[in-house]
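> Provide a 3D model corresponding to the input given below.
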Amino acid sequence: MRAPQRVPLAGLPERVRIWEVGPRDGLQNEPHTVDVAVKAEFVARLADAGLTTIETTAFVHPRWVPQLADAEALMTTLRRRDGVRYPVLVPNERGLDRALAHGVTDIAVFASVTESFARSNLNRSVAASLEMFAPVIARARGAGLAVRGYLSMCFGDPWEGAVDIRQVVAVAVRLRELGCTELSLGDTIGVGTPGHVVALLAELTGAGVPVQEIGVHFHDTYGQALANTLAALGAGVTTVDASAGGLGGCPFAGSATGNLATEDLVWMLDGLGVWTGVDLPALVQTSGWLADRLGRPSPSRTVRALAKGE
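Residues are numbered from 1 along each chain as shown. Model prediction:
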């Protein structure tokens, strides 16, 4: 069976925008640096498969993420096309300067809702990290850029355990006040469950954050990513982060395993009759192509099943 039977489910959006994070969040977790030509072709193949938002790289110091030290070279090599957005992650004003020099139209900043992860990942408190982002967001917005705010550890933290929903709401509201045009809720260690997702979204919308400005970013550590995504869609979310082939995790949180695989997401959405614009066979071929270059099979269940002709 090469495609799911389409049986719609009431209460879901007609369309979903997939925010593809494979080239950045996926490849930053690789043990070895991937050649820039391979990265550029990967991004091009993702666009060929119909993905219109492809998070391409991060302008971070190579000491922290050596796998993305080639950000300038990649942005120079990239064949950008009309109708496709190529957001990049920036940690500070220096990163923004580098991004602006390459004509980006979208950036993202990466915040933590817990003190432990903020200290581990950003080497500063939650409050101090938000203050660091303030001029970055202001300058980016002044230059006409869209700014996404990532919120990590929204559903649990490996050091602190359970995370109070009110912590997440407070950081989300602050990022929006600073000028973020979109927020992405990260289940960095994959411990969230559907009821938790719905409760958090209800608290955020109750605090004045429009659901249209919220995306979700689930890791599949405990096999909950698709269930959590379906719960979020039922609550009105229309932007879902995913990584081609299920690549990635978080290099700063040892218990974080792979992202939700884009192919698994598209299979589910195709079966529900929700439009994504993604050509699933082309995407599967792309992930298989990259897996060959990484020297290991793709962790995506859909990639493995379709590769075997099931």
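
> gap between Ala134 and Leu183?
Shown here: Ala134 relative to Leu183, a distance of 16 Å by Cβ to Cβ, to the nearest Å. Quick note: C-beta positions are derived from backbone N, CA and C, even for glycine.

> so which of the two has more stuff around it?
The residue with the greater number of neighbours, taking Ala134 and Leu183 and applying other Cβ atoms under 10 Å, is Leu183; the counts read 26 against 15.

> which SS state does the more buried one fall under?
Reduced to three states with DSSP: H, G, I helix; E, B strand; the rest coil, the structure at Leu183 is strand.

> where does the stretch 51-200 of the chain dip in pLDDT?
Applying pLDDT under 70 to the stretch 51-200 of the chain flags no residue at all.

> do you have the strands of it handy? List them.
For the stretch 51-200 of the chain, the strands identified by DSSP state E, counting those that start in this stretch occupy 53-54, 57-58, 88-89, 106-112, 146-152, 182-187, in order along the chain.

> just for the stretch 201-310 of the chain, where's the confidence low?
Within the stretch 201-310 of the chain, the set of residues satisfying pLDDT under 70 comprises 249-257, 309-310.

> residue boundaries of the strands in it?
In the stretch 201-310 of the chain, strands defined by DSSP E, counting those that start in this stretch lie at 214-218, 239-242, listed in chain order.

> my guess is Val49 contacts Ser287. True?
Careful, residue 49 is Ala and not Val. No. Here Ala49 lies out of contact with Ser287, judged by Cβ atoms under 8 Å, at a distance of 9.4 Å.

> give me phi/psi at Pro299?
Pro299 adopts backbone torsions of phi -80, psi -10, taken as degrees, to the nearest 10.

> what's the nearest residue to Leu12 if we skip its chain neighbours?
Among residues not flanking Leu12 along the chain, Leu233 sits closest, at 5.1 Å (Cβ to Cβ, 6 or more residues apart in numbering).

> the one you found and Phe59, how far apart?
Note on Leu233: its distance to Phe59, by Cβ to Cβ, is 32 Å.

> looking at those two, which is more packed in?
Phe59 (24 against 21).

> follow-up on the earlier one: neighbour-wise, which of Ala49 and Ser287 wins?
Neighbours around Ala49 and Ser287, counted as other Cβ under 10 Å, are more numerous at Ser287. The numbers are 31 against 23.

> ok, the more buried one - contacts?
Contacts were defined as Cβ atoms under 8 Å, 6 or more residues apart in numbering; by that measure Ser287 touches Ala244, Gly245, Ala261, Thr262, Glu263, Ser298, Ser300, Val303.

> leaving out the residues flanking it, which one is nearest to the first one?
What it means is Ala244. The nearest residue in space to Ala244 (Cβ to Cβ, 6+ apart) is Gly22, at 4.0 Å.

> the one you found reaches Ala49, doesn't it?
No. In terms of Cβ under 8 Å, Gly22 does not count as a neighbour of Ala49; the distance is 11.2 Å.

> in JSON lines: the strands of the stretch 201-310 of the chain, plus mean neighbour count.
As requested, the strands of the stretch 201-310 of the chain are exported to JSON lines (neighbours: other Cβ atoms under 10 Å):
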{"stretch": "strand 214-218", "mean neighbour count": "25"}
{"stretch": "strand 239-242", "mean neighbour count": "26"}
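
> and the closest residue to His196 other than its chain neighbours, how many neighbours does it have?
The shortest distance from His196 to any residue other than its chain neighbours is 5.8 Å, reached at Phe155 (Cβ to Cβ, 6+ apart). Using other Cβ under 10 Å as the criterion, Phe155 is surrounded by 25 other residues.

> Arg2 now?
When counting by other Cβ under 10 Å, one arrives at 10 neighbours for Arg2.

> got the contact list for it?
Arg2 is in contact with Pro281, Leu306, counting by Cβ under 8 Å, 6+ apart.

> ok, now how distant is it from Arg301?
Taking Cβ to Cβ as the criterion, Arg2 is separated from Arg301 by 15 Å.

> now Val284
Using Cβ to Cβ, we find Val284 at a distance of 11 Å from Arg301.

> do the same with Gly22
Shown here: Gly22 relative to Arg301, a distance of 16 Å by Cβ to Cβ.

> who has more neighbours out of these two?
Gly22 (28 against 15).

> read off the pLDDT value for the more buried one.
In the predicted model, Gly22 carries a pLDDT score of 97.

> likewise the one 10 residues further on?
Per-residue pLDDT puts His32 at 86.

> that one - nearest residue in space that isn't next to it in sequence?
In space, His32 comes closest to Gln67 once its chain neighbours are excluded; the distance is 7.9 Å by Cβ to Cβ, 6+ apart.

> show me what the regular element (helix or strand) spanning Ala40 is packed up against.
Here Ala40, judged by DSSP states H and E, is contained in helix 36-48. Secondary structure elements in contact with helix 36-48, counted by 3 or more Cβ pairs under 8 Å, 6 or more residues apart in numbering; DSSP states H and E, are strand 53-54, helix 71-77, helix 280-294.
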